[in-house]
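In: Below are the sequence and a predicted model; questions follow.
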Amino acid sequence: MPFVLTTAGESHGPALVGILTGVPAGLVLDRDAIDADLARRQQGYGRSPRQRIEQDRVEVLAGLRHGRTLGTPIALVVRNADHENWRWGMSPWPPEGEPAGKGKEAVTLPRPGHADLAGVMKYGLADVRDALERASARHTAAIVAAGGVAKAFLRELEIEVEGHAVEVGGATGEDDMRAAVDAARADRDTLGGIVEIRARGVPPGFGSYATKEERLDARLAAALMGTQAVKGVEIGEGRALAGRRGSEAHDEILRDEAGYRRETNRAGGIEAGVSNGEEIVVRAAMKPLPTLMRALRSADLETGEPAQALVERSDVAAVEALAIVAEACVALELAHAAREKFGGDAMDDVRAARRAYVERIPWSPR
């Protein structure tokens, strides 16, 4: 059974939920490690005050006993501490009593760049909040929690996945990136940027060129493009390869006593949709966040009159947070590919299949 994650939950609802299937029995999970990833998602220069309200922790309601997976679906929950302030406005059932707290007024001012206008038109909504709550990046907390499970699984196969921000607002280097955030904050504006995810220890053979749905690069791109605010994905040197000659673009193949190897990795570890044994390198480009303290022009849904878009609490930049989410997305997709490749109902089966495969092919991780 493949690794598959299904999430549910709204930004200010009671909780975020993830159901993860395809995890073999016998995988040991570390709650502190998953909570550490959730904390990393909330950190980063330019994050909003909400990150001081929410102290994300993972709960497991099913699929785990005494820290070991059972081979059955895993139910993950991350509570929204801020829901207390939205109890009436985001009540799942018709609320009782007088309107109180946040979210009690209908939102009729859609924000450019968000799901607001498209969502109300698609689903026939009168209140933008019915669209924006699910479209919010808050629900990526459930993805990060599930990604912690995927990373634990991959470590058993000697695969490590790490993500980090490489550019914010066009600036590179920690000092320059922070300065860019400070300048945008002073202007009541927002910034985007670029994150990079690297996966080491992936053997040749994940994915397939047989169909486009099986191509590993396409699957990784889809996993990242499905993340809020991501507008572009590249594998390896990506767009830069388009401006080179073939003699400068491809990674020559060498052979030594350990197996086949490359001196360069312009392909980012994937050729023809299949991992080639080199480090997998993926980058994702994030647009500036659409919720601005200096609101953009919009039009009121009720009156059609010109207006300014809704202003809510927002980050100035969340690129470092995206790096953690992207890390989880890549880990989940690689775990899915590993399950396809090695099968197995129990971790002993998976480890044995991996050993047999690696012994068969002339490859040694570097």
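Out: Nice, thanks for sending it over.
In: CA only for contacts and neighbour counts going forward, please
Out: Will do.
In: shaky segments in the stretch 51-200 of the chain?
Out: Within the stretch 51-200 of the chain, the stretches with pLDDT under 70 are 51-54.
In: hey, where'd the strands end up in it?
Out: 58-62, 64-65, 68-69, 74-79, 160-168, 193-200 (DSSP state E, counting those that start in this stretch).
In: now those as a markdown table including distance to residue 234 and mean neighbour count?
Out: Listed next are the strands of the stretch 51-200 of the chain as a markdown table, based on distance: least, Cα to Cα, whole Å; neighbours: other Cα atoms under 10 Å:
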| stretch | distance to residue 234 | mean neighbour count |
| --- | --- | --- |
| strand 58-62 | 31 | 16 |
| strand 64-65 | 36 | 16 |
| strand 68-69 | 34 | 18 |
| strand 74-79 | 30 | 22 |
| strand 160-168 | 14 | 21 |
| strand 193-200 | 10 | 23 |
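In: Of those, which is nearest residue 104?
Out: In terms of Cα to Cα, the element of the strands of the stretch 51-200 of the chain nearest to residue 104 is strand 74-79, at 21.0 Å.
In: want to throw the strands of the stretch 51-200 of the chain into CSV with distance to residue 131?
Out: Shown next, in CSV, are the strands of the stretch 51-200 of the chain (distance: least, Cα to Cα, whole Å):
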stretch, distance to residue 131
strand 58-62, 25
strand 64-65, 33
strand 68-69, 35
strand 74-79, 20
strand 160-168, 28
strand 193-200, 25
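In: Report all helices and strands that the longest helix anywhere in the chain contacts.
Out: Counting by DSSP state H, the longest helix found in the chain is helix 319-342. In terms of contacts (3 or more Cα pairs under 8 Å, 6 or more residues apart in numbering; DSSP states H and E), helix 319-342 is packed against helix 31-42, helix 140-155, strand 160-168, strand 193-200, helix 216-225, helix 347-360.
In: Could you say which of these is packed most deeply?
Out: helix 140-155 (a mean of 25; mean count of other Cα atoms under 10 Å).
In: Check the offset of that helix from the chain's centre.
Out: 10 Å (Cα atoms, centre = their mean, to the nearest Å).
In: contact partners of that helix?
Out: 5, 7, 16-18, 20, 27-29, 33-35, 37-38, 41, 56, 58, 76-78, 160-161, 227, 324-325, 327-329, 331-332, 334-335 (Cα atoms under 8 Å, 6 or more residues apart in numbering).
In: how does it look with 6 Å?
Out: The contact list for helix 140-155 (Cα atoms under 6 Å, 6 or more residues apart in numbering) reads 16, 18, 34, 325, 328, 331, 332, 335.
In: which non-adjacent residue is nearest the fifth one?
Out: The reference is to residue 328. residue 147 (4.1 Å; Cα to Cα, 6 or more residues apart in numbering).
In: Columns distance to residue 119 on top of the helices and strands packed on helix 319-342, output as CSV?
Out: Converted to CSV, the helices and strands packed on helix 319-342 look like this (distance: least, Cα to Cα, whole Å):
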stretch, distance to residue 119
helix 31-42, 26
helix 140-155, 19
strand 160-168, 28
strand 193-200, 25
helix 216-225, 18
helix 347-360, 42
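In: To residue 272, which of those lies closest?
Out: Of all the helices and strands packed on helix 319-342, helix 216-225 comes closest under Cα to Cα, at 8.4 Å.
In: related to what we said a few turns ago, could you dump the contacts of helix 140-155 to CSV with distance to residue 194 and pLDDT?
Out: CSV is the format used below for the contacts of helix 140-155 (distance: Cα to Cα, whole Å; pLDDT from 0 to 100):
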residue, distance to residue 194, pLDDT
16, 26, 97
18, 26, 98
34, 24, 98
325, 13, 98
328, 16, 98
331, 18, 98
332, 20, 98
335, 24, 98
